[in-house]
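Q: Structure for this input, please:
(one chain, ligands or ions: 3)
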Amino acid sequence: MLERIQKENDIKKLSAEELEELAKEIRTFLIEKISKTGGHLASNLGVVELTMAMHLAFDLPSDKIIWDVGHQAYTHKLLTGRKDGFDDLRKYGGMSGFPKRKESDCDAFDTGHSSTSISAGLGYVHARDLKGEDYRVISVIGDGSLTGGMAYEALNNAASLHTNFIIVLNDNHMSISENVGGMSAYLARLRTADIYTELKKGITTALHKVPVVGDSMIEQLRRTKSSIKQLVVPGMFFEDMGITYLGPIPGHQLGTLYEAFQEARKIDGPVLLHVITEKGKGYEPAEKQPSKFHGVGPFNVQTGKVLADKEKDTYTDVFGKVLCDEAKRIPSLVAITAAMADGTGLGLFRQKYPKRFFDVGIAEEHAVTFAAGLAAGGMKPVFAVYSSFLQRAYDQLIHDVALQNLPVVFAVDRAGLVGSDGETHQGIFDLSYLSSIPNMVVIAPKHKWELADMLRFALRYEGPIALRYPRGTAYDGGEEYRAPVVYGKSEMIEEERGIALLSVGHMYEEAVRVREALKQKGQSCTLVNARFVKPLDTDMIEALSANHRLLVTIEENVQTGGFGEHVVEYVSRKGLPVRVLTLALPDDYVEHGSIGMLRRETGLDNETMTERILEVFQKIEEK
Ligand SMILES: Cc1ncc(C[n+]2csc(CCOP(=O)(O)OP(=O)(O)O)c2C)c(N)n1
Ligand SMILES: CC(=O)[C@@H](O)[C@H](O)COP(=O)(O)O
Ligand SMILES: [Mg+2]
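A: Ligands and ions are numbered 1, 2, ... in the order given. This is a model prediction of the structure:
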């Protein structure tokens, strides 16, 4: 059947039996392809029928389907003619793992971060109405993403709408881990409320039988919204807000889903379809372990075993272990995650210190202010968060933490390039947005030992401090003697004259290679591990400028507002007699691909950096 789907709307040509076959083929296809490339398997297996039903009920690209996070849009990609793209899924130059407007005109909105789909959908609805256009807008949001504040801001805003807007709540009771919080508990109650559907049907049928008045009573019930369900399911959150609630709808029954969409499109106003799905549906290992198969690397289809054996510690592992260790010594230490306990290495902490562990849901803004409150109340909060997700909480960082100089530790994971998730997930702005905040201290370790030292330092620092480290295997560098971490001080590694390399955090590994390459070309150079991006070690810069002609800064962050620019600003303000070459990522978004490939593409690989340094230095020498 898949062969017959060459483009959007082709699905409508299939018979009911063929559609059933198609659902099976899609699942087999996804399992096979993702077992080779890696990707977000479990969420995608859960929405096969839901996606098919939407593609049957609506016309693409004129109707707009807006995905939340977008990690579950693989079936949508398949149904819109992108089957061949799965061979290169999330590889450099290949198909993205998320919806992308530039990839297909059936992708109505780019996503990657959660809880945006209702806002974007509502924007589309108003644009449509203001322009007098005629199309349907369907925002699909997961129960996990419904823990994010933006979703409620959008629902609140959508409630006053008088034209059609369909919101699909894809409820599989899972975020990446088990979903958390009051809304999740509420949805669980709704899930089991089939009594409503049955009772409503029963009452409606009974009323229909009452001659003359029966029909008008049904109509009256519909219009006044003194709906039967409110009697049966108390506190209908959505209905009470003014959003029509349809559900719960079994999410793996294509016919029922299709009918529900036909009902939904008749409603003049916002309507929420509560669809119950199973994460990992149709692949036993993923059904049993949906968290493991949320985002998974290549695996063996038969056994479900992930192929790459993880032998070495990641930076995340090191962080998680040291934090648990320190928790023994610091009773006020508490850890916070925004729905990323495993991803940020807090799994062990959750196990050992359940009372001191907080999963707040996908709510980074709340997490930051919550941490500020904990700190004000005398605790030592550590918020472990991915660099790109912390972008959301910029105001909270300033207004709630830094302004009051509160001692919150930000463990900023996935800092730098993250690879196959691409533009939305690269952690390439944190040095800029964090170092612009007064009172904030920003540090980055050169290897796993220093990460441990820096975490211990951060936990004892009496103000806001961000410790940034990347995704993946931690650089070892040998557990040689290392200078203690001292506030505002960088670390001299090798001292020469002429050129000085100042590397930030994990770029030290590349800087060592650059220094080696320069040495082989007859050019000696100094190597400094910056350690502190803020405050800047100005004593070191002054000292280096006395016997070097070129300072080279190396960081995996965009140019603007990064470490290099801070060095340039200082050198220029002080009129120091030294040139600065800033090696950083271009001020641009970096697409998906392996980290090695992305570094080569952006000029941050050691070969390109070596060439550029030599080129600039030769020009300086010629003068
Ligand atoms: C702002 C933000 N924080 C965290 C994430 C990481 N993340 C991606 S998917 C996901 C879980 C989403 O759960 P749900 O919406 O229910 O989708 P499901 O995977 O269950 O289909 C999380 C926490 C993100 N994408 N964006
Ligand atoms: C879709 C999403 O935001 C997460 O699933 C993310 O892909 C996790 O990334 P890591 O693999 O780096 O934990
Ligand atoms: Mg979910």
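
Q: Who are the contact partners of the residue of the stretch 51-200 of the chain at minimum distance from ligand 2?
A: Residue nearest to ligand 2 within the stretch 51-200 of the chain: His71 (3.9 Å; C-beta to the nearest ligand atom). Any C-beta I mention is one placed from the backbone N, CA and C, and that applies to glycine too. Going by C-beta atoms under 8 Å, 6 or more residues apart in numbering, His71 touches 40, 43-44, 97-98, 295.

Q: same check, this time on Gly46
A: Gly46 neighbours (C-beta under 8 Å, 6+ apart): 72, 170, 172, 251, 277-281.

Q: at 6 Å instead, please
A: Shown in contact with Gly46 (C-beta atoms under 6 Å, 6 or more residues apart in numbering): 172, 277-279, 281.

Q: again, but for Ile141
A: Per C-beta under 6 Å, 6+ apart, neighbours of Ile141: 68, 117, 169.

Q: one step back: return the members of the contacts of His71 classed as buried.
A: Applying 16 or more other C-beta atoms under 10 Å to the contacts of His71, the neighbour count classes 40, 43-44, 97-98, 295 as buried.

Q: residue in this structure nearest to ligand 3?
A: Here the residue of the chain nearest ligand 3 is Gly142; by C-beta to the ion that distance is 3.8 Å.

Q: That residue against Asn170, yeah?
A: Yes: counting by C-beta atoms under 6 Å, Asn170 is a contact partner of Gly142 at 5.0 Å.

Q: for Gly596, phi and psi?
A: Main-chain dihedrals, Gly596, degrees, to the nearest 10: phi -60, psi -50.

Q: what about it, neighbour count?
A: Number of residues near Gly596 (other C-beta atoms under 10 Å) recorded here: 12.

Q: Same check on Cys106?
A: Neighbours of Cys106 (other C-beta under 10 Å): 24.

Q: ok, and the closest non-adjacent residue to the residue most central in space within the chain?
A: The centre of the chain sits closest to His113, judged by C-alpha atoms, centre = their mean, with a distance of 4.6 Å. Closest residue to His113 apart from its sequence neighbours, by C-beta to C-beta, 6 or more residues apart in numbering: Thr424 at 5.9 Å.

Q: Check Ser175 too.
A: Per C-beta to C-beta, 6+ apart, closest to Ser175 is Gly144, 3.0 Å.

Q: what's the spacing between the one you found and Gly39?
A: 18 Å (C-beta to C-beta, to the nearest Å).

Q: hang on, the earlier thing: my guess is the residue nearest to His113 contacts Ser114. True?
A: No: using C-beta under 6 Å, Thr424 is not in contact with Ser114, being 10.4 Å away.

Q: So the two - more neighbours on which side?
A: Per other C-beta under 10 Å, whichever of Thr424 and Ser114 has more neighbours is Ser114, with 28 against 21.

Q: Got phi/psi on the more buried one?
A: phi -90, psi 170.

Q: Neighbours of Asp325, how many?
A: With other C-beta under 10 Å as criterion, Asp325 counts 13.

Q: Asp171: what's it in contact with?
A: 143, 187, 276.

Q: thinking again about what came up before, overlap between the contacts of His71 and the residues near ligand 2?
A: Among these, the ones lying near ligand 2 by C-beta under 6 Å from any ligand atom are 40, 295.

Q: Dump the contacts of His71 into TSV; add secondary structure, pLDDT and distance to ligand 3 as well.
A: Converted to TSV, the contacts of His71 look like this (DSSP: H, G, I helix; E, B strand; the rest coil; pLDDT from 0 to 100; distance: C-beta to the ion, whole Å):
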residue	secondary structure	pLDDT	distance to ligand 3
His40	coil	98	12
Ser43	helix	98	7
Asn44	helix	98	12
Gly97	coil	98	17
Phe98	coil	98	16
Gly295	coil	96	13
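
Q: which residues in the stretch 51-200 of the chain form helices?
A: 74-78, 117-130, 149-158, 182-191, 194-209 (DSSP state H, counting those that start in this stretch).

Q: I'd like the contacts of Ile141 as CSV, with neighbour count appended.
A: Formatted as CSV, the contacts of Ile141 follow (neighbours: other C-beta atoms under 10 Å):
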residue, neighbour count
Asp68, 32
Ser117, 28
Leu169, 26
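
Q: if we can go back for a sec, hmm, Ser177 and the residue nearest to Ser175 touching each other?
A: No: at 9.0 Å, Gly144 does not count as touching Ser177 under the criterion of C-beta under 6 Å.

Q: that older thread, among the contacts of Gly46, which are within reach of ligand 3?
A: Asn172 (C-beta under 5 Å from the ion).

Q: Highest neighbour count among the contacts of Gly46?
A: In the contacts of Gly46, the most neighbours by other C-beta under 10 Å go to Lys279, 28 neighbours.

Q: before we move on, the earlier item: so between Gly142 and Asn170, which is more surrounded?
A: Gly142 (30 against 26).

Q: who's in contact with that one?
A: Asn170.

Q: What distance do you get for Leu550 to ligand 2?
A: With distances taken as C-beta to the nearest ligand atom, to the nearest Å, Leu550 is found 36 Å from ligand 2.
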